[in-house]
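Novice: missing the sequence, but the structure's below:
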């Protein structure tokens, strides 16, 4: 048996320090302590506090996830990485992600579609795919969403970017290199860039 000797509020938040047998045991959410009506002077078996710790971890991890998702959409991989950085136990992260997916709070298909709608006009298809793979989205989802959301082919999009960049610029070697760097940063291939350069510069190499 272990005795709760003190429950100490932390600042102005909703978390408390729990002391057992005068030793600090851990930090717990107010809702978890209130749910079990815990008070100083009460005693419980070790198993109770082990279950309490697990329940508190699940609760805290889930609510931390919601706070993050309220600010912006995240892929499942991004959320998992964030929670690992915050040192939540693996089991708590797993439980939180499964719960969030069941509620529709994390949805990689919706994330990919949203990302493409935001950046589709400023990045090549190739760059969008690279970015989304880095965020943990499967290639199968990415390819489907790119086909659904993008209307221009790569050459047309590359040409638009090139025309905008070269407006009021001379078609000399210096600006050619700048154009190549600019378009490469957007994910266009060397072949795409070479084709639009020749088209805009009337066949210059």
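Specialist: Sure, I can see it. All values derive from a computational prediction rather than experimental measurement.
Novice: counting neighbours, what do you get for residue 149?
Specialist: Residue 149: 15 surrounding residues under other C-beta atoms under 10 Å. Bear in mind the C-beta positions are built from the backbone N, C-alpha and C, glycine included.
Novice: with residue 62 instead?
Specialist: 21.
Novice: surely it meets residue 101?
Specialist: No - using C-beta atoms under 8 Å, residue 62 is not in contact with residue 101; the gap is 12.0 Å.
Novice: would you mark the buried spots in the top helix by length along the chain?
Specialist: In the chain, with assignment by DSSP state H, the single longest helix is helix 46-71. Going by neighbour count (16 or more other C-beta atoms under 10 Å), the buried part of helix 46-71 is 49, 52-53, 55-62, 64-65.
Novice: between which two of the residues you listed is the distance greatest?
Specialist: With distances taken as C-beta to C-beta, the most widely separated pair in these is 49 and 65, at 24.4 Å.
Novice: redo the buried residues of helix 46-71 as JSON lines? Include pLDDT.
Specialist: Below are the buried residues of helix 46-71 laid out as JSON lines (pLDDT from 0 to 100):
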{"residue": "49", "pLDDT": "95"}
{"residue": "52", "pLDDT": "96"}
{"residue": "53", "pLDDT": "95"}
{"residue": "55", "pLDDT": "96"}
{"residue": "56", "pLDDT": "96"}
{"residue": "57", "pLDDT": "95"}
{"residue": "58", "pLDDT": "96"}
{"residue": "59", "pLDDT": "96"}
{"residue": "60", "pLDDT": "95"}
{"residue": "61", "pLDDT": "97"}
{"residue": "62", "pLDDT": "97"}
{"residue": "64", "pLDDT": "94"}
{"residue": "65", "pLDDT": "97"}
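Novice: and the residues you listed as CSV, adding distance to residue 26?
Specialist: Below are the buried residues of helix 46-71 laid out as CSV (distance: C-beta to C-beta, whole Å):
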residue, distance to residue 26
49, 9
52, 9
53, 6
55, 12
56, 8
57, 10
58, 14
59, 13
60, 11
61, 14
62, 17
64, 16
65, 20
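Novice: could you give the number of residues near the nearest residue to residue 78 once chain neighbours are set aside?
Specialist: Nearest non-adjacent residue to residue 78, counting by C-beta to C-beta, 6 or more residues apart in numbering: residue 135, 5.7 Å away. The local packing of residue 135 (other C-beta under 10 Å) involves 18 other residues.
Novice: pretty sure residue 135 is touching residue 80, no?
Specialist: No - with contact defined as C-beta under 8 Å, residue 135 does not reach residue 80; the gap is 11.3 Å.
Novice: remind me which residues of this protein are low pLDDT?
Specialist: Scanning the chain for pLDDT under 70 picks out 203-205.
Novice: can you list the domains in it?
Specialist: Residue ranges for the domains of the chain, per automatic domain parsing: 2-103, 108-149, 154-200.
Novice: how long is the shortest one from one end to the other?
Specialist: Just to be clear, that refers to domain 108-149. 15 Å (C-alpha to C-alpha, to the nearest Å).
Novice: next: stretch 97-112.
Specialist: Stretch 97-112 stretches 18 Å from its first residue to its last (C-alpha to C-alpha).
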